[in-house]
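Sharing a model prediction with you, sequence too.
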Amino acid sequence: MKPKLIILSDLWGRQKAHWLPHYTRLLSDKYTLTFYDCCELGGIDLSHDQEESLHRQFIEGGIERAVIKLLKLETQPLRILAFSIGGTIAWKFGLRGGRIERLTCVSSTRLRKETEKPLGNIHLYFGEEDPYRPQQEWFQQMKIPFTLLPHQSHDMYEGAGFAEWLTSKMR
């Protein structure tokens, strides 16, 4: 039986997840995949689908609602691949008692505000040109392995080449 891997979307949820098939195609041989739309988990109103509005909704309760819902849905130890806001949700899921076996976060810039880390094997990936990525001091303080990709920005995960590279590290 294949191990389970959950994938947590970015800020846009399923609505703009044109990048998701790059990952599911590459990972479905090794894992049983479950995709969660973070907008659905967090009860985000998509009628105003501008980035600022979505971001504000997540900050003003959506992250918390998503964590609570995920804690109810997933009770077994998990492998998680999370993108952007999904990484923050996964992180807080782990801090609130969700059992994380392995957490891979990509472009999860809000983690820079965290002062505690969840248990489990964690690895973070950021584009060097993402202005909101955590600074070197944060990584040192948290003692978390990370990869900083040169010449890459926040949305680096949308490309098929990055998906191939990242998933080869997860196999």
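Arrived safely.

Would you map the strands across this protein?
In the chain, the strands defined using DSSP state E lie at 4-8, 32-36, 78-83, 100-106, 121-127, 146-149.

any idea which of the ones you listed is most buried?
Counting by mean count of other C-beta atoms under 10 Å, strand 78-83 has the highest mean neighbour count of the strands of the chain, with a mean of 24. Where C-beta positions appear, they are placed from N, C-alpha and C, glycine not excepted.

May I have it exported as CSV, CA atoms only?
Output in CSV follows, covering the C-alpha atoms of strand 78-83 (Å, rounded to 0.1, in the frame of the first residue of the first chain):
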residue,chain,number,x,y,z
LEU,A,78,0.9,12.7,7.5
ARG,A,79,3.3,13.5,4.7
ILE,A,80,2.4,17.0,3.5
LEU,A,81,3.4,19.0,0.4
ALA,A,82,2.2,22.5,0.9
PHE,A,83,2.4,25.7,-1.2
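
helices and strands around it, which ones?
strand 4-8, helix 85-95, strand 100-106 (3 or more C-beta pairs under 8 Å, 6 or more residues apart in numbering; DSSP states H and E).

what angle do it and strand 121-127 make?
10 degrees (axes from the mean of the first three to the mean of the last three C-alpha atoms, to 10 degrees).

Contacts only, for the residue nearest to Arg133 when sequence neighbours are not counted.
In this structure, Arg133 finds its nearest non-sequential neighbour in Phe126, 4.0 Å apart by C-beta to C-beta, 6 or more residues apart in numbering. By C-beta atoms under 8 Å, 6 or more residues apart in numbering, the residues touching Phe126 are Val106, Ser107, Thr109, Arg133, Pro134, Phe146, Thr147, Leu148, Leu149, Gln152.

Low-confidence bits of the protein, can you list those?
Residue ranges of the chain with pLDDT under 70: 171.

Quick check: closest non-adjacent residue to Ser84.
Counting by C-beta to C-beta, 6+ apart, the nearest residue to Ser84 once its immediate chain neighbours are dropped is Asp10, at 3.7 Å.

The residue most central in space within the chain pairs with what?
Most central in the chain under C-alpha atoms, centre = their mean is Ala82, positioned 2.1 Å from the mean C-alpha point. Beta-bridge pairing for Ala82 (DSSP bridges): Leu8, Cys105.

Against Ser53, how distant is it?
Distance, Ala82 to Ser53, using C-beta to C-beta, to the nearest Å: 21 Å.

JSON lines for the helices and strands packed on strand 78-83, including distance to His22?
Compiled in JSON lines, the helices and strands packed on strand 78-83 are given as follows (distance: least, C-beta to C-beta, whole Å):
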{"stretch": "strand 4-8", "distance to His22": "11"}
{"stretch": "helix 85-95", "distance to His22": "16"}
{"stretch": "strand 100-106", "distance to His22": "12"}
